[in-house]
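> Okay, structure incoming, though there's no sequence with it:
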């Protein structure tokens with residue numbers, strides 16, 4: 001029997017259980033995972049690379065470099081977190097492994113760079129300004145967005161998971177939005193974008209040798225108030241009048257504009273009355289269990305493709321282009337009122353209605369946890385995945401099942417010990 005290929009995953013992130021399941025069940029892959037020593041995911045790996053809780057970049061690099069150097073034969077390296085993608089690309093280049101260039105991935109962690117490239121290449125998107133997060137004078141702030149039409153979306157140039165993404169309805173709300181977004185940028189830059197009106201979708205793609213194939217379009221349910229939090233996903237997307245060809249062409253143009261020529265990408269866009277408009281390109285598989293939904297709805301195994309790409313194996317893009325969905329799948333996230341979790345009701349009743357082979361209910365909270373106002377994806381408390389004959393049926397079923405579960409909270413009582421940290425937040429750092 002041929003020796004297993006080494007697939008090294010640099011950090012796991014949140015809601016990636018299916019990736020580990022996909023890879024650990026393959027007989028041709030030996031999975032190595034570099035993750036915090038206390039992370040539960042680490043035990044699933046054939047080779048464990050424990051990291052300190054702070055996970056400094058150089059520690060990750062040296063530990064992963066040693067693992068790759070010690071592995072004979074076929075190997076590859078992969079990552080899911082935006083913060084680790086430049087390191088993954090650095091390792092791939094050093095060992096001559098497949099992957100997008102380090103400069104492209106490093107640049108894509110800066111949303112201002114990507115937005116400027118879209119504009120230069122004629123990829124449709126919102127009008128925008130790049131802002132200096134350190135500016136404090138209200139008049140200077142207003143001058144910085146002069147010429148843009150409110151409402152504006154103000155967000156850090158280098159963050160993720162919806163952190164620091166704030167809506168300013170008018171000039172009177174600009175200062176508050178600026179102050180809310182600024183703490184989440186490490187580079188010191190913010191983006192102000194004119195709000196796009198329309199249905200939000202993402203386009204999941206595979207790019208090999210510069211050819212991009214769309215494997216799914218995903219529809220989204222997001223909050224649209226002061227902050228933007230994704231509370232649901234579903235495939236295949238109902239495109240609200242937009243053509244699949246138009247959406248696919250826009251995604252491919254965005255990837256070409258930023259030089260992304262090898263790998264899986266998750267490109268977000270708004271279907272406006274004037275056509276699709278790009279929000280951002282994420283050079284990695286989608287989060288929020290979207291690859292799980294694609295597989296459940298009869299689509300391709302995104303994580304399997306990701307592994308094969310990382311290992312330099314041939315991908316049949318013609319077969320990918322011919323793949324089609326046979327059903328629908330949806331995820332709906334659970335939320336709760338701010339306070340301390342006292343109990344979670346309805347779990348047994350909802351679980352009894354699940355198809356255990358294809359559906360699941362997962363809690364990301366427990367009694368004693370603190371629940372904060374829902375302002376980022378970190379604040380979601382669990383999820384339900386459901387399937388149906390089509391997208392509408394799957395969405396309706398997921399919503400009904402999620403509505404059966406209630407996270408009951410109340411304010412901390414006088415003298416009550418400090419509430420524990422919400423455990424899911426560790427997954428997103």
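That came through fine. Computed from a predicted structure; not experimentally measured. Residues are numbered from 1 along each chain as shown.
> Pretty sure residue 126 sits against residue 196.
Yes: with contacts counted by CB atoms under 8 Å, residue 126 reaches residue 196, the gap being 5.4 Å. From N, CA and C alone the C-beta is placed, and that goes for glycine too.
> any common contacting residues for those two?
Taking CB atoms under 8 Å, 6 or more residues apart in numbering as the contact rule, residue 126 and residue 196 both touch residue 277.
> Flag the shaky bits of the chain, pLDDT-wise.
Low-confidence segments of the chain, defined by pLDDT under 70: 1-2, 160-162, 225-227, 241, 419-429.
> Setting the sequence-adjacent residues aside, check what's closest to the residue nearest to the spatial centre of it.
In the chain, the C-alpha nearest the mean C-alpha coordinate belongs to residue 287, at 3.6 Å (CA atoms, centre = their mean). Closest residue in space to residue 287, ignoring its immediate chain neighbours: residue 15 at 6.0 Å, by CB to CB, 6 or more residues apart in numbering.
> How about residue 124?
Leaving aside its sequence neighbours, residue 124 sits nearest to residue 277 (CB to CB, 6+ apart; 5.1 Å).
> Going along the chain, name the strands of the stretch 151-300 of the chain.
Secondary structure of the stretch 151-300 of the chain (DSSP state E, counting those that start in this stretch): strands located at 152-156, 166-168, 189-194, 199-208, 211-222, 230-235, 263-272, 275-282.
> Make a markdown table out of those and add mean neighbour count.
Converted to a markdown table, the strands of the stretch 151-300 of the chain look like this (neighbours: other CB atoms under 10 Å):
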| stretch | mean neighbour count |
| --- | --- |
| strand 152-156 | 25 |
| strand 166-168 | 22 |
| strand 189-194 | 23 |
| strand 199-208 | 23 |
| strand 211-222 | 20 |
| strand 230-235 | 24 |
| strand 263-272 | 23 |
| strand 275-282 | 22 |
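> Would you confirm that residue 190 contacts residue 153?
No: the pair residue 190 and residue 153 does not pass the contact test of CB under 8 Å, sitting 10.4 Å apart.
> Distance of the residue nearest to the centre of the chain relative to residue 255?
Relative to residue 255, residue 287 is positioned 18 Å away (CB to CB, to the nearest Å).
> Mind telling me what element the residue nearest to residue 287 is part of?
Residue 15 is part of no helix or strand when elements are defined by DSSP states H and E.
> number of nearby residues for residue 288?
By other CB atoms under 10 Å, the residues close to residue 288 number 23.
> residues contacting it?
Going by CB under 8 Å, 6+ apart, residue 288 touches 15, 230, 233, 331, 377.
> Residue 389 now?
The contact partners of residue 389, by CB under 8 Å, 6+ apart, come to 327-328.
> Mind doing that once more with 6 Å?
Contact analysis of residue 389 by CB atoms under 6 Å, 6 or more residues apart in numbering lists residue 327.
> State the distance from it to residue 399.
16 Å.
> so how many other residues sit close to the residue lying closest to residue 345 once chain neighbours are set aside?
Leaving aside its sequence neighbours, residue 345 sits nearest to residue 406 (CB to CB, 6+ apart; 4.5 Å). Residue 406 sits with 13 neighbouring residues when counted by other CB under 10 Å.
> do the same with residue 314
8.
> what about it, distance to residue 262?
From residue 314 across to residue 262, the span is 13 Å (CB to CB).
> State the number of residues packed around the residue nearest to residue 51 when sequence neighbours are not counted.
Spatially, and ignoring its direct neighbours in sequence, residue 51 is nearest to residue 36 (5.4 Å; CB to CB, 6+ apart). Counted by other CB under 10 Å, the residues lying close to residue 36 total 18.
> And the one 4 residues further on, by the same measure?
Number of residues near residue 40 (other CB under 10 Å) recorded here: 11.
> just residue 253 next, same as before
Residue 253, neighbours per other CB under 10 Å, totals 18.
> Contacts only, for it.
Taking CB under 6 Å, 6+ apart, one finds residue 123 in contact with residue 253.
> again with residue 343
Neighbouring residues of residue 343 by CB under 6 Å, 6+ apart: 367, 408.
> From residue 372, how far off is it?
Counting by CB to CB, the separation of residue 343 from residue 372 is 18 Å.
> What of residue 34?
In this view, residue 34 and residue 372 are 29 Å apart by CB to CB.
> Show me which of the two is the more surrounded one.
Neighbours were tallied for residue 34 and for residue 372 using other CB under 10 Å; the higher tally belongs to residue 34 (27 against 13).
> wouldn't the more buried one be in contact with residue 65 here?
No: in this structure residue 34 lies outside contact range of residue 65 using CB atoms under 6 Å: 10.4 Å.
> pretty sure residue 215 contacts residue 204?
Yes: with contacts counted by CB under 6 Å, residue 215 reaches residue 204, the gap being 5.3 Å.
> count of neighbours near residue 53?
Based on other CB under 10 Å, the number of other residues close to residue 53 is 10.
> which residues sit in contact with it?
Listed by CB under 6 Å, 6+ apart, the contact partners of residue 53 are residue 36.
> That one should be in a helix, yeah?
No: using DSSP: H, G, I helix; E, B strand; the rest coil, the assignment for residue 53 is coil, not a helix.
> so how far is residue 325 from it?
Separation of residue 53 from residue 325 (CB to CB): 41 Å.
> quick one on the thing from earlier: what separation do you get for the residue nearest to residue 287 and residue 385?
Counting by CB to CB, the gap from residue 15 to residue 385 is 10 Å.
> What of residue 136?
Noted for residue 136: a distance of 45 Å to residue 385, by CB to CB.
> do the same with residue 104
According to CB to CB, residue 104 and residue 385 sit 32 Å apart.
> For these two, work out which one has more neighbours and name it.
Per other CB under 10 Å, whichever of residue 104 and residue 385 has more neighbours is residue 385, with 23 against 19.
> any idea whether the more buried one is helix, strand or coil?
strand.
> Show me where this protein has its helices.
Using DSSP state H, the helices of the chain run over residues 17-24, 57-70, 85-94, 102-108, 111-121, 138-144, 174-181, 244-257, 290-296, 302-310, 317-322, 347-352, 391-403, 425-428.
> Now distance to residue 359 too, for those, in CSV please.
Formatted as CSV, the helices of the chain follow (distance: least, CB to CB, whole Å):
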stretch, distance to residue 359
helix 17-24, 13
helix 57-70, 35
helix 85-94, 31
helix 102-108, 34
helix 111-121, 35
helix 138-144, 47
helix 174-181, 36
helix 244-257, 27
helix 290-296, 8
helix 302-310, 19
helix 317-322, 26
helix 347-352, 9
helix 391-403, 8
helix 425-428, 22
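> Residue 76: which of the ones you listed is closest?
helix 302-310 (3.4 Å; CB to CB).
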